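1. sequence unavailable; structure follows:
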């Protein structure tokens, strides 16, 4: 997926804040018109998109002047471009302090090559309050009459300051809400950590119970197997398991009774239709 990019160059009659002043200063210093490149990136932990705006202020060939190159980050393209235009204007004024003496740009904000503010010469005193920033009853910036020296620079600075203050207020509210949410998350995390510890203890207890029951099952299985082996051995030896006495016999085990004749057992050999009378003494006769 290709990154979202934008490009802006002065000298095309733009109407952005600081556009006209930066364009006029570039013409005064006989420098090429500055170029601004923007690319949208996603490098924030929360996934918010940001714009990186790179300003390229090329120097003159004769006499050679230092090239000014810097980058800033902003939440959107237009706000980032406005900041880059103002910073480019301040750095140009800081780089050409001597050449700007006696011009209206001599009292503009000055930054050095690293972007740090530089000391300014005192502005002429007069009816200066007539050109101070003006806000209406709701705090919104009001249009200013053109300053004889600074022109629209004060109005542009006041507009940027007003927008920056609103962003800071919104950022403060967002920071407070985020802090509150983090505090709530911290409490929830403590509760979840406690629950997790309790669950781990319960799991360890259940694991110990399962291990103990498995060991008992193994012991019982060994006992059952030993008893089965013992029963099998006893059956193979012909032992009466129920009564505890021998239940198998052969003919050699039979002992004859000396008082019993063979005839006493002849009735056992009679057929089904044979009738064997038995003499019974009749006492009544």
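-> Nice, I can see it. Everything numeric in this text was worked out from a predicted model, so none of it was measured.
2. contact partners for the nearest residue to residue 11 once chain neighbours are set aside?
-> Spatial nearest neighbour of residue 11, chain neighbours left out: residue 33 (4.0 Å); criterion: Cβ to Cβ, 6 or more residues apart in numbering. For glycine as for every other residue, the C-beta is placed from the backbone atoms N, C-alpha and C. By Cβ atoms under 8 Å, 6 or more residues apart in numbering, the residues touching residue 33 are 9, 10, 11, 23, 26.
3. state the distance from residue 33 to residue 48.
-> 32 Å (Cβ to Cβ, to the nearest Å).
4. swap in residue 196?
-> Taking Cβ to Cβ, one finds residue 196 at 31 Å from residue 48.
5. what's the answer for residue 54, then?
-> Following Cβ to Cβ, the distance that separates residue 54 from residue 48 is 20 Å.
6. out of the two, which sits in the more crowded spot?
-> The neighbour count for residue 54 versus residue 48, taken as other Cβ atoms under 10 Å, is higher for residue 54 (14 against 9).
7. now the helix or strand harbouring the more buried one: buried residues?
-> In the assignment (DSSP states H and E), residue 54 maps to strand 50-57. By neighbour count on 16 or more other Cβ atoms under 10 Å, the buried set for strand 50-57 is 51, 52, 53, 55, 56, 57.
8. what lines up beside that strand in the sheet?
-> Paired strands of strand 50-57, with direction, are strand 35-41 (antiparallel), strand 68-74 (antiparallel) (DSSP bridges).
9. hmm, who's touching the last one?
-> For strand 68-74, contacts defined as Cβ under 8 Å, 6+ apart pick out 50-57, 59, 80, 83-84, 87-88, 91-92, 95, 113, 115.
10. how does it look with 6 Å?
-> 50, 51, 52, 53, 54, 55, 56, 57, 80, 83, 84, 91 (Cβ atoms under 6 Å, 6 or more residues apart in numbering).
11. what segments of the protein are helices?
-> Ranges of helices in the chain, per DSSP state H, are 19-29, 77-95, 153-236.
12. same for the lowest-mean-pLDDT helix or strand in the chain, what does it pack against?
-> Every helix and strand in the chain was compared by mean pLDDT, DSSP states H and E; the lowest is helix 153-236, with a mean of 84. Helices and strands touching helix 153-236, as assessed by 3 or more Cβ pairs under 6 Å, 6 or more residues apart in numbering; DSSP states H and E, are absent.
13. that helix vs helix 77-95, what angle?
-> 130 degrees (axes from the mean of the first three to the mean of the last three Cα atoms, to 10 degrees).
14. what about residue 71, how many neighbours?
-> Quick note: residue 71 (other Cβ under 10 Å) scores 14 neighbours.
15. across the sheet, point out what pairs with it.
-> The partner residues for residue 71, given DSSP bridges, come to residue 54.
16. give me the pLDDT for it.
-> Each residue has a pLDDT score; the one for residue 71 is 92.
17. repeat for residue 117
-> pLDDT recorded at residue 117 is 73.
18. which residue is the nearest non-sequential neighbour of it?
-> residue 111 (6.0 Å).
19. so how many other residues sit close to the one you found?
-> 21.
20. check residue 89 too.
-> Neighbour tally, residue 89, other Cβ under 10 Å: 27.
21. and it, what is it in contact with?
-> Residues counted as contacts of residue 89 (Cβ under 6 Å, 6+ apart) are 18, 21, 22.
22. not counting sequence-adjacent ones, nearest residue to it?
-> Nearest one to residue 89, counting by Cβ to Cβ, 6+ apart, is residue 22 at 4.7 Å.
23. kindly report the same for residue 57.
-> Going by Cβ to Cβ, 6+ apart, residue 57 has residue 68 as its nearest residue, at 3.9 Å.
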